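**Student:** Please work out how this folds:
(chains A and B)
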Amino acid sequence: MKLQGKVWKYGDNIDTDVIIPARYLVTTDPQALAAHCMEDIDAAFAGEVQPGDIIVGGTNFGCGSSREHAPISIKGAGVSCIIAASFARIFFRNAINIGLPILESPAAARDAEKGDTLSVDLAAGTITNERTGQTYQASPYPPVVLAIIHAGGLVPYARTVLGVQMKGRAW
Amino acid sequence: MGKTLAEKIIAAHAEHVEEVSAGDLVTVKTDVVMANDITAPIAIESFRAMGVSEVYNPDCVMLVPSHFAPNKDIKSAEQTRTLTLFAEQQALGHRFQVGRAGIEHVVLPERGLVLPGDLVVGGDSHTCTYGAVGALATGMGSTDIAFAMATGTTWLKVPETMKFVYYGERRPWVTGKDLILRTIGEISVDGALYRAMEFTGPAIHELPMSDRLTMANMVIEAGGKCGFLPYDEVTEAYVTPRATRPFTPYHADDDAIYCSVHEFDLAQMEPQVACPYSPDNVHPISQVRPEKVDQVFIGSCTNGRFEDLAIVADILERTGREFHPDVRVMIIPGSQAVYLDALRQGWLEQFTLAGAAVSVSTCGPCLGGHMGVLAGDEVCVSTSNRNFRGRMGHRDARVYLANPAIATASAILGRLAHPDEL
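**Tutor:** Next comes the predicted model:
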């Protein structure tokens, strides 16, 4: 799968309290959460983000609480992918589990600037910065994470491993 | 080759393997799966979407309304309703009704529901608290929790372990909170990313369980996956009368392999404060500007236990002082059991007479939920665990994290203060 989008650039230790403040955790609706995504660090984000845009962060992106609402709000905002120097552990799992692509690449994260266009080849794990022409290789995923990604997230993965019939549910 | 606590407990719960080492990916059985009123609604939705009809074991799945409890508005009431109905439908063995429970990380250890040697996953980042009793406990998001609720398993990467050694005699007013704040200050908020933290050394064995729970609680503030306090006489005395089932304590091997070792001499350490806006912006109290404070919050899963409230009562008793009239003082026991114990001690009356607002147990203000949300230009001293921007309310509010003694002294003097100033 190939993605292309404009960069929203943030620093190190972007915590889940600024990604989606707790005062908005009274809903699980992705669109309602997206309306307040990044509100406490970048008030312009929710209004200006375009479908396909890419968030680039520094180290420890998504640190703090376990709230899955954080990647849900980012995905709900239309962001296609997050690239960071490193991810907080719970956020990493949450993003993979809900089918939001995330890639770890300290060099790509360092070099990207706000407004750059990045092209991402998820299967190859490569990131190309269209402004500089430079291509970066992201860290490979562990096998179980790859299996969850290929299934489209943990819910469809679980349906497969549990051998559950579809029972008329649309996926 | 020697093994760390994380390696031993994961090996004991791993499917298909007898022994594991840091870096291995394994599927493990879970002893307890927990979620709260924020994370459970999504977990229940994902659980149903997985096509599963029953939880793997109704005695092992625990849903605790805590964050917005008692329900702060209609939307949070609807979320809690989801938990209640699911618990009834699944005939869950343990219920956590408002008025009878409290904050999950205070209640579960207190009731002996999380035990030494357990493997616990929780839909709350502070699930790592249970490492204080020797459980491998780690926070996860809702969909991971749904999978564990359905199957009683999860996948884990066996973490490397960092060892922290504390020695020397603690100075007055220095608590487990100060040890963990200093530690996070040293290694930073991603210093233990993907790793386990073992807290050891002679000074650790001197700490009561409440301080150990405080230390394990803040492992996530250094990015850690889980943390462990050693199983000793103090743990045994705490756990044995509470345990709801048999348990197996583990000890790290002397020749276990650690990725790093960090030593702290407590003889040199004074109470610590984490300044805005990060739990790793840590300074000794004497080095922090004595800023005027608008609110003091004493409570949370970090410092809402009996021994924490005892410190507040002790300072008020010794000094005969009241809280400063310009300060909102919120004192919130971490569980209803703590509330009742404090009530019987006469502390709730004492706190109220001194000018504090004392509330039913809730996470409330810690996450800017309710019961003490901050305005933009306000300053708060809090015994909780996070002071990120917007954590306790407005993005510009400034939160200082500290131990209950510093919080009490600050509440009395109306500015950041050391109890020796009283």
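
**Student:** For chain A, which segments are assigned as strands?
**Tutor:** Using DSSP state E, the strands of chain A run over A:2-9, A:54-57, A:81-84, A:102-104, A:117-121, A:126-129, A:135-137.

**Student:** possible to save the ones you listed as CSV with mean neighbour count, mean pLDDT and distance to A:Ile96?
**Tutor:** C-beta: built from backbone N, CA, C; applies to glycine. Below are these laid out as CSV (neighbours: other C-beta atoms under 10 Å in any protein chain shown; pLDDT from 0 to 100; distance: least, C-beta to C-beta, whole Å):
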stretch, mean neighbour count, mean pLDDT, distance to A:Ile96
strand A:2-9, 17, 97, 16
strand A:54-57, 25, 98, 15
strand A:81-84, 26, 98, 11
strand A:102-104, 22, 97, 7
strand A:117-121, 18, 97, 15
strand A:126-129, 20, 98, 17
strand A:135-137, 16, 98, 19
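
**Student:** Dump the ones you listed to TSV, plus distance to chain B.
**Tutor:** Putting these into TSV (distance: least, C-beta to the nearest C-beta, whole Å) gives the following:
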stretch	distance to chain B
strand A:2-9	17
strand A:54-57	12
strand A:81-84	11
strand A:102-104	11
strand A:117-121	23
strand A:126-129	21
strand A:135-137	20
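
**Student:** Of those, give the one that comes closest to A:Gln31.
**Tutor:** Of all those, it is strand A:54-57 that lies closest to A:Gln31, at 17.7 Å by C-beta to C-beta.

**Student:** before we move on, back to that, for the strands of chain A, give me a markdown table that also has distance to B:Arg344.
**Tutor:** Formatted as a markdown table, the strands of chain A follow (distance: least, C-beta to C-beta, whole Å):
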| stretch | distance to B:Arg344 |
| --- | --- |
| strand A:2-9 | 54 |
| strand A:54-57 | 49 |
| strand A:81-84 | 50 |
| strand A:102-104 | 50 |
| strand A:117-121 | 61 |
| strand A:126-129 | 61 |
| strand A:135-137 | 62 |
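
**Student:** looking at these, which is closest to B:Glu236?
**Tutor:** Among the strands of chain A, strand A:102-104 sits nearest to B:Glu236 (C-beta to C-beta), with 42.0 Å.

**Student:** Work out the gap between the closest one and the centre of the chain.
**Tutor:** In this view, strand A:102-104 has its centroid 8 Å away from the chain centroid, taken as C-alpha atoms, centre = their mean, to the nearest Å.

**Student:** Tell me which other helices or strands that strand touches.
**Tutor:** Secondary-structure packing of strand A:102-104 (3 or more C-beta pairs under 8 Å, 6 or more residues apart in numbering or on different chains; DSSP states H and E): strand A:81-84, helix A:89-97.

**Student:** Tell me which residue is most central in chain A.
**Tutor:** A:Ile82 (4.0 Å; C-alpha atoms, centre = their mean).

**Student:** Pull the contacting residues for that residue.
**Tutor:** Contact partners of A:Ile82, counting by C-beta atoms under 8 Å, 6 or more residues apart in numbering or on different chains, are A:Ile54, A:Ile55, A:Val56, A:Gly57, A:Phe61, A:Ile74, A:Ala95, A:Leu100, A:Pro101, A:Ile102, A:Leu103.

**Student:** The nearest residue in space to B:Asn217 that is not next to it in sequence and B:Val107, how far apart?
**Tutor:** Excluding the flanking residues, the one nearest B:Asn217 by C-beta to C-beta, 6 or more residues apart in numbering or on different chains is B:Thr129, at 4.3 Å. Separation of B:Thr129 from B:Val107 (C-beta to C-beta, to the nearest Å) stands at 11 Å.

**Student:** In chain A, mark out all the helices, start to finish.
**Tutor:** A:16-19, A:30-34, A:45-48, A:69-76, A:89-97, A:106-111, A:143-151, A:154-161 (DSSP state H).

**Student:** For the residue nearest to B:Asn217, give me phi and psi.
**Tutor:** phi -50, psi -40 (degrees, to the nearest 10).

**Student:** Would you mind listing where chain A has pLDDT under the threshold?
**Tutor:** For chain A, applying pLDDT under 70 flags the ranges A:164-171.

**Student:** Look at B:Ser76 and say how many residues are nearby.
**Tutor:** Per other C-beta atoms under 10 Å in any protein chain shown, the neighbour tally for B:Ser76 reads 22.

**Student:** so it sits in a strand?
**Tutor:** No: according to DSSP: H, G, I helix; E, B strand; the rest coil, B:Ser76 belongs to no strand; its state is helix.

**Student:** Wait, it touches B:Thr82, no?
**Tutor:** No: if you go by C-beta atoms under 8 Å, B:Ser76 and B:Thr82 don't touch, sitting 10.7 Å apart.

**Student:** quick one on the thing from earlier: closest one to B:Leu213 among the helices of chain A?
**Tutor:** That would be helix A:89-97 among the helices of chain A, by C-beta to C-beta, at 20.1 Å.

**Student:** Packing partners of the closest one?
**Tutor:** helix A:69-76, strand A:102-104, helix A:143-151, helix A:154-161, helix B:142-151.

**Student:** ok, now with 7 Å
**Tutor:** Packing partners of helix A:89-97 (3 or more C-beta pairs under 7 Å, 6 or more residues apart in numbering or on different chains; DSSP states H and E): helix A:69-76, helix A:143-151, helix B:142-151.

**Student:** any idea which of the ones you listed is most buried?
**Tutor:** Most buried of the helices and strands packed on helix A:89-97 by mean neighbour count (mean count of other C-beta atoms under 10 Å in any protein chain shown) is helix B:142-151; its value is a mean of 28.

**Student:** ok, for residue 19, nearest residue in space, not its chain neighbours?
**Tutor:** The chain I'm using is chain A. A:Ala70 (4.3 Å).

**Student:** was after chain B, sorry
**Tutor:** Closest residue to B:Glu19 apart from its sequence neighbours, by C-beta to C-beta, 6+ apart: B:Ala11 at 5.4 Å.

**Student:** Any chance of the backbone angles for that neighbour?
**Tutor:** Taking degrees, to the nearest 10 as the convention, B:Ala11 sits at phi -60, psi -40.

**Student:** contacting residues for it?
**Tutor:** B:Glu18, B:Glu19, B:Val20 (C-beta atoms under 7 Å, 6 or more residues apart in numbering or on different chains).

**Student:** now these: which count as buried?
**Tutor:** Listed as buried from the contacts of B:Ala11 are B:Val20; burial here means 16 or more other C-beta atoms under 10 Å in any protein chain shown.

**Student:** just checking, B:Ser210 touches B:Ala310?
**Tutor:** No: in this structure B:Ser210 lies outside contact range of B:Ala310 using C-beta atoms under 7 Å: 8.9 Å.

**Student:** and these two? which has more neighbours close in?
**Tutor:** Neighbour comparison, B:Ser210 and B:Ala310: the larger count goes to B:Ser210, with 26 against 16 (by other C-beta under 10 Å).

**Student:** Distance-wise, check the more buried one relative to chain A.
**Tutor:** Distance of B:Ser210 to chain A, computed by C-beta to the nearest C-beta, to the nearest Å: 23 Å.

**Student:** If we ignore the residues flanking it in sequence, what's nearest that residue?
**Tutor:** With sequence-adjacent residues excluded and distances taken as C-beta to C-beta, 6+ apart, B:Ser210 is closest to B:Glu307, at 3.8 Å.

**Student:** Equivalent analysis for B:Val373, please.
**Tutor:** Using C-beta to C-beta, 6+ apart, the closest residue to B:Val373 is B:Gly393 (4.1 Å).
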